[in-house]
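Fold the following for me, if possible:
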Amino acid sequence: MKVVVGSPGTWSGLLLRTGQCAFAGASIAVMLSAYGFSNYTAFCYLIASMGLQTLWSFGLLCLDVFALKSKRDLHNPLLISLFVVGDWVTATLSLAAACSSAGVIVLFMRDVSFCRKYPQLSCGRFQTSIAMAFVTWFLVAKSSLAMFWILASV
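Predicted coordinates:
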């Protein structure tokens with residue numbers, strides 16, 4: 001069995017899951033602190049997607065902590081298959097939410113100058129939240145690739 005950076009039950013996997021959980025949680029917190037986010041479906045979808053990502057990553061983070069403390073191997077083919085599917089689903093949802101939210105903020109800032117017309121909107125916070133969502137997606141994509149590589153080598 002190959003040892004891949006980011007595999008479950010390793011320190012690199014724990015760091016990867018911690019980053020996913022932290023950036024997804026930060027994306028939610030920043031978006032919730034922005035005025036007027038709830039008026040736009042894409043931003044609400046971003047919160048829902050990042051919420052699911054936080055739960056998934058936190059669950060696997062706890063599993064990594066357990067595996068490291070008890071020195072268990074998590075390279076069971078059935079378990080890895082579950083990780084692959086879960087990572088792919090959450091990665092797809094995260095990318096879709098980040099891209100749709102980015103499209104809305106580009107529309108607001110560049111196409112219709114909505115942010116200049118309505119300065120009470122927190123366009124800077126929207127952008128920060130979306131950037132954190134893209135970082136989350138990048139970390140999930142890395143995790144998905146690692147899980148798929150492990151599954152292929154089992």
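
low-scoring stretches of this structure, by residue?
In the predicted model of the chain, residues 1-2 satisfy pLDDT under 70.

at 90 what do you get?
1-10, 36, 71-77, 79-80, 110-111, 113-115, 118-122, 146-154 (pLDDT under 90).

Quick check, central residue of it?
What sits nearest the mean C-alpha location of the chain, by C-alpha atoms, centre = their mean, is residue 136, with 3.6 Å.

So which elements touch the helix or strand encompassing that residue?
Assigned by DSSP states H and E, residue 136 belongs to helix 123-153. With contacts taken as 3 or more C-beta pairs under 8 Å, 6 or more residues apart in numbering; DSSP states H and E, helix 123-153 sits against helix 11-33, helix 41-70, helix 77-106. The way it works is simple: take the backbone N, C-alpha and C, and place the C-beta from them, glycine included.

OK, contacts around the spatially most distant residue from the centre of the chain?
Note on the chain: the largest C-alpha distance from the chain mean falls to residue 117, namely 31.7 Å (C-alpha atoms, centre = their mean). With contact set as C-beta atoms under 8 Å, 6 or more residues apart in numbering, residue 117 has no partners.

Same question for residue 111.
Contacts of residue 111 by C-beta under 8 Å, 6+ apart: none found.

That one and residue 104: what is the separation?
To residue 104, residue 111 is 10 Å away according to C-beta to C-beta, to the nearest Å.

Can you list phi and psi of the residue nearest to residue 8 when sequence neighbours are not counted for me?
Distances taken as C-beta to C-beta, 6 or more residues apart in numbering place residue 74 nearest to residue 8, at 4.0 Å, with adjacent residues excluded. Torsion angles at residue 74 (phi, psi; degrees, to the nearest 10) stand at phi -100, psi 20.

ok, residue 74 touching residue 17?
No: between residue 74 and residue 17 there is no contact under C-beta atoms under 8 Å: 12.0 Å.

Are there residues contacting both of these two? Which ones?
If you check residue 74 and residue 17 against C-beta under 8 Å, 6+ apart, the residues they both contact are residue 64.
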